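K.L.:
Mind folding the following:
(one chain, ligands or ions: 1)
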Amino acid sequence: MPTSSTPDPALERPGRSWSGTVDYGPGPLHAPASVEQLRALVGRSRRIRALGTRHSFSSIAASDADLVTLAQLPPDLDVDSAARTVRVAAGVRYGELAVAAHERGLALPNMGSLPHISVGGASATGTHGSGNRRRSLAASVRAIELVTASGELLTLSRAQDPEIFDGAVLALGMLGVVTHLTLDLVPAAPMRQSVHLDFPADRMGGEDLATLLAGGTSVSLFHHWDGHIAQAWVKQVVGDDEELPEEWLGGRRALEPVHPLPGMPADFCTDQSGEPGPAHERLPHFRLEFTPSSGEEIQSEYFVAREQAADALAAVMPLGERIRPLLHASEVRTVAADELWLSPAHRRDSACVHFTWKQLPREVATLLPEIEERLAPFAPRPHWGKVFTLAPEQVRAQYPRLEDFLTLRDRLDPDRVFTNAYVERLLGE
Ligand SMILES: Cc1cc2nc3c(=O)[nH]c(=O)nc-3n(C[C@H](O)[C@H](O)[C@H](O)COP(=O)(O)OP(=O)(O)OC[C@H]3O[C@@H](n4cnc5c(N)ncnc54)[C@H](O)[C@@H]3O)c2cc1C
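P.N.:
You can find the predicted model right below:
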């Protein structure tokens, strides 16, 4: 086994997150070119964290010691048409994976708003798209291969390791460095996307909100806490979902493409014309070939029970005047329940209350406790990769399988090789 990786000199300092708001620490940042090099690196590291494509806004990926990127590993994209699965290196971006699947007549069950995010990073944090019946992206994982603290390569699968698998997939980087994942695929089905604008104020309540969120396979509602929905992005499976009328619940069909953030060019966005196309060109909001924005933002997001979405939004609405000056836009999406122990959608069909903030970290950090206080009656679970200020006890209380997860961590990482300040604060040393 080679004893050292050969980092690209340009990568040796870890630098900052995509948004520039997270400093990953002093490094060094390693970039092994093979799994063997990665094993040797982990085996001799006192402490190490993996970096994905750096899209998280929380300090979940930061480290006071070694960091490793898998960007130099081969993508190993291997679609198995008969089994309807794909095995892929953890550093591959969903957009690339989706194109390879599409060429074989297959598709991912769901995608996040951005196709630029790595499969390993998204699975580690519970990244999600939208859809009342679509689960988080990690729920499609059927096997993982990870380098554990001793440098050994461990394969865990849904079929062979049912007692721990749901704890190992979405593990916040705490159990090892995942080198490859095998994902479920579904038969490719054409989808269309349309956007409706400017809904009347009362549509954010009760039955209307539920009707809007059920308007397609995947729905995103953008608003600015002034009581009305500005944009409804509806992604439909052609043949399954009923096409929406030009006027829908008082919103009118957009005649030109729009961007969810005011003032941003719509060229970055996926097709909104209603024309059928591949799912990976409709499910994400943004196109792989464009950088969706300059990164001048911070994100926060809270999962609540889907049936309480309207009440949760109404509880935060009185803060609208304080929120708006700090906000680019807010989004409401839904995620179907899954079984993953640390998933924010664990055993709860969820609605996600999301904020894309302007890059005003201090002001945002001052306002978040007030938002969280108003959401507290709805038992919010924060997105692990976004910014929140909930106390560790509040977060821990939302995860009934947390003790099982911590037992699994004791087993796989007794010396805490994969810890960092973020996980120590939230989940303990
Ligand atoms: C513009 C934008 C849009 C976004 N849209 C969405 C969205 O639609 N839905 C949503 O849910 N989130 C969204 N996010 C948040 C983002 O999906 C998550 O933060 C996700 O975790 C980022 O993945 P990443 O590859 O950048 O991981 P990183 O941020 O680099 O790392 C995240 C975590 O994963 C761990 N990790 C990464 N790779 C590995 C590995 N190989 N082995 C073990 N652990 C690993 C890291 O240690 C860290 O703990 C968005 C973020 C941005 C910037």
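
K.L.:
I'd like to know if the host helix or strand of residue 49 reaches the ligand anywhere along the stretch.
P.N.:
Using DSSP states H and E, residue 49 maps to strand 48-51. Yes. Using Cβ under 6 Å from any ligand atom, we find that strand 48-51 touches the ligand at 49-51. (C-beta placed from N, C-alpha, C; glycine too.)

K.L.:
Tabulate the CA atom coordinates of that strand in CSV.
P.N.:
Taking only C-alpha atoms (Å, rounded to 0.1, in the frame of the first residue of the first chain), the coordinates of strand 48-51 have been written out as CSV:
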residue,chain,number,x,y,z
ILE,A,48,-9.5,13.8,9.9
ARG,A,49,-12.7,15.0,8.2
ALA,A,50,-13.8,14.5,4.6
LEU,A,51,-14.8,17.4,2.4
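
K.L.:
Counting by contacts, list what the top helix by length along the chain packs against.
P.N.:
Assignment by DSSP state H gives helix 361-375 as the longest helix of the chain. Here helix 361-375 is seen to pack against strand 298-305, helix 309-316, helix 320-323, strand 350-357 when contacts are counted using 3 or more Cβ pairs under 8 Å, 6 or more residues apart in numbering; DSSP states H and E.

K.L.:
if I pick residue 276, what's in contact with it?
P.N.:
Counting by Cβ atoms under 8 Å, 6 or more residues apart in numbering, residue 276 touches 190-192, 238.

K.L.:
what's the burial count for the residue lying closest to it once chain neighbours are set aside?
P.N.:
Nearest residue to residue 276, sequence neighbours excluded (Cβ to Cβ, 6 or more residues apart in numbering): residue 190, at 4.0 Å. By the criterion of other Cβ atoms under 10 Å, residue 190 has 16 neighbours.

K.L.:
correct me, but residue 190 touches residue 238?
P.N.:
Yes. Proximity of residue 190 to residue 238 meets the contact threshold set by Cβ atoms under 8 Å, at 4.6 Å.

K.L.:
Enumerate every residue touching the residue of the stretch 251-400 of the chain found nearest the ligand.
P.N.:
At 2.5 Å from the ligand, residue 385 is the closest residue in the stretch 251-400 of the chain, using Cβ to the nearest ligand atom. The contact partners of residue 385, by Cβ under 8 Å, 6+ apart, come to 55-58, 60, 121, 125, 127.

K.L.:
Show me what from the protein comes close to the ligand.
P.N.:
18, 49-56, 60-61, 70, 90, 112-114, 117-118, 120-122, 124-125, 127-128, 172-173, 177-178, 292, 383, 385.

K.L.:
Could you report the neighbour count for residue 152?
P.N.:
Using other Cβ under 10 Å, residue 152 is surrounded by 12 other residues.

K.L.:
and residue 223, how many neighbours?
P.N.:
Residue 223 is surrounded by 22 other residues when neighbours are defined as other Cβ under 10 Å.

K.L.:
rewinding a little: what's the mean pLDDT across the longest helix of the chain?
P.N.:
Averaging the model's pLDDT scores along helix 361-375 yields 97.

K.L.:
picking up where we left off before, how about the residue nearest to residue 276, what does it touch?
P.N.:
Residue 190 is in contact with 237-239, 276-279, counting by Cβ under 8 Å, 6+ apart.

K.L.:
circling back to that earlier point, show me which of the contacts of residue 276 is closest to the ligand.
P.N.:
Out of these, the member with the shortest distance to the ligand (by Cβ to the nearest ligand atom) is residue 191, at 16.3 Å.

K.L.:
any idea how far residue 137 is from the closest one?
P.N.:
Using Cβ to Cβ, to the nearest Å, one obtains 17 Å as the distance from residue 191 to residue 137.

K.L.:
How about residue 27?
P.N.:
28 Å.

K.L.:
list the helices and strands the helix or strand following the longest helix of the chain packs on?
P.N.:
Tracing the chain past helix 361-375, the next element assigned as helix or strand by DSSP H and E is strand 381-382. Under the contact criterion of 3+ Cβ pairs under 8 Å, 6+ apart, strand 381-382 touches strand 298-305.

K.L.:
Report the mean per-residue pLDDT for the strand it packs on.
P.N.:
Along strand 298-305, the predicted local confidence has a mean pLDDT of 98.

K.L.:
Run through the neighbouring helices and strands of the helix or strand harbouring residue 404.
P.N.:
Applying DSSP H and E as the criterion places residue 404 in helix 402-412. On a contact count with 3+ Cβ pairs under 8 Å, 6+ apart, helix 402-412 meets helix 165-168, helix 421-427.

K.L.:
Enumerate every residue touching the spatially most central residue of the chain.
P.N.:
Centroid-nearest residue in the chain, with Cα atoms, centre = their mean: residue 127, separated by 1.9 Å. Taking Cβ under 8 Å, 6+ apart as the criterion, residue 127 is in contact with 112, 117, 121, 136-138, 385.
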